[in-house]
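Enquirer: build me a structure from this.
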Amino acid sequence: RTLQHGPFTLYVARSSLDELHKLAQQKSPKQDTFRSAWQWGLDECDMILEKDDIPDGDLSEFIGDNDDLSPPGRDVVSLITAKAQYFVCSQDEVLLDVLRNLGTAPLMRISRGVFLMENPSKSSQKKQKYEEGAKWTVAGTLQDQEKNLVSLVKENQRREREKSQHQSQERFDRQRPRYKK
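Expert: Below you'll find the model as predicted:
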């Protein structure tokens, strides 16, 4: 398996499989869907993460008083907040909302049988912008040489624009008498 020409591994939490199995046992219109998802997790995922594989910790900082988050959702949040790098694919809206607010993992969902990657959340974009800004700083500020260089480039670009506008206006003014006839 490859993603962007690099290998990847599919993981599933045991708690997710248990919940899917429980849902597949209940009589509902989606019973076959849950059974298929459970079987897909068993057949396609390279590793089943047992409870011991999932970091313990207080999640209240990340999920607040959200009692709607299921045990599998809590396991996913524990994995994501442990600074591991995962893509998360889920249909659980509560879990997806928590992860969007964290802004730490690319999110995927299934729609009409197709995996769709969500656009980065505002939180993800803000975090990325902060991290990129940190790369350009030294001891908390941009180096003076870099500031001067950026100012010089901006000034040169401004002068070139003004010069180009001035030349266009002169050309127009020279040609105007011809068009007045």
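Enquirer: what about the helices in this structure?
Expert: Taking DSSP state H as the criterion, the chain carries its helices at 14-25, 31-44, 60-63, 71-81, 93-102, 122-135, 144-180.
Enquirer: just send those back as a markdown table, with distance to residue 8, mean pLDDT and mean neighbour count too.
Expert: Where C-beta positions appear, they are placed from N, C-alpha and C, glycine not excepted. Below are the helices of the chain laid out as a markdown table (distance: least, C-beta to C-beta, whole Å; pLDDT from 0 to 100; neighbours: other C-beta atoms under 10 Å):
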| stretch | distance to residue 8 | mean pLDDT | mean neighbour count |
| --- | --- | --- | --- |
| helix 14-25 | 18 | 92 | 17 |
| helix 31-44 | 12 | 90 | 14 |
| helix 60-63 | 25 | 74 | 14 |
| helix 71-81 | 15 | 88 | 20 |
| helix 93-102 | 18 | 86 | 18 |
| helix 122-135 | 19 | 74 | 11 |
| helix 144-180 | 37 | 82 | 10 |
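Enquirer: make JSON lines out of those helices and add distance to residue 115.
Expert: Listed next are the helices of the chain as JSON lines, based on distance: least, C-beta to C-beta, whole Å:
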{"stretch": "helix 14-25", "distance to residue 115": "16"}
{"stretch": "helix 31-44", "distance to residue 115": "12"}
{"stretch": "helix 60-63", "distance to residue 115": "25"}
{"stretch": "helix 71-81", "distance to residue 115": "17"}
{"stretch": "helix 93-102", "distance to residue 115": "14"}
{"stretch": "helix 122-135", "distance to residue 115": "18"}
{"stretch": "helix 144-180", "distance to residue 115": "41"}
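Enquirer: out of these, which comes closest to residue 52?
Expert: helix 14-25 (9.7 Å; C-beta to C-beta).
Enquirer: distance between that closest one and the chain's centre?
Expert: 27 Å (C-alpha atoms, centre = their mean, to the nearest Å).
Enquirer: one more: stretch 99-107?
Expert: Taking mean C-alpha positions (C-alpha atoms, centre = their mean), stretch 99-107 and its chain are 6 Å apart.
Enquirer: got the end-to-end distance for that stretch?
Expert: Length of stretch 99-107, first residue to last, C-alpha to C-alpha, to the nearest Å: 8 Å.
Enquirer: likewise for stretch 6-19?
Expert: End-to-end distance for stretch 6-19, by C-alpha to C-alpha: 31 Å.
Enquirer: which of the helices of the chain sits closest to residue 54?
Expert: helix 71-81 (4.9 Å).
Enquirer: CA atoms of the closest one as CSV?
Expert: Output of helix 71-81 as CSV, limited to C-alpha atoms (Å, rounded to 0.1, in the frame of the first residue of the first chain):
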residue,chain,number,x,y,z
PRO,A,71,-15.0,4.9,23.9
PRO,A,72,-13.5,4.3,20.4
GLY,A,73,-13.6,8.1,19.9
ARG,A,74,-11.7,8.6,23.1
ASP,A,75,-9.1,6.0,22.0
VAL,A,76,-8.6,7.9,18.7
VAL,A,77,-8.2,11.2,20.5
SER,A,78,-5.6,9.6,22.9
LEU,A,79,-3.6,8.4,19.9
ILE,A,80,-3.8,11.7,18.1
THR,A,81,-2.8,13.8,21.2
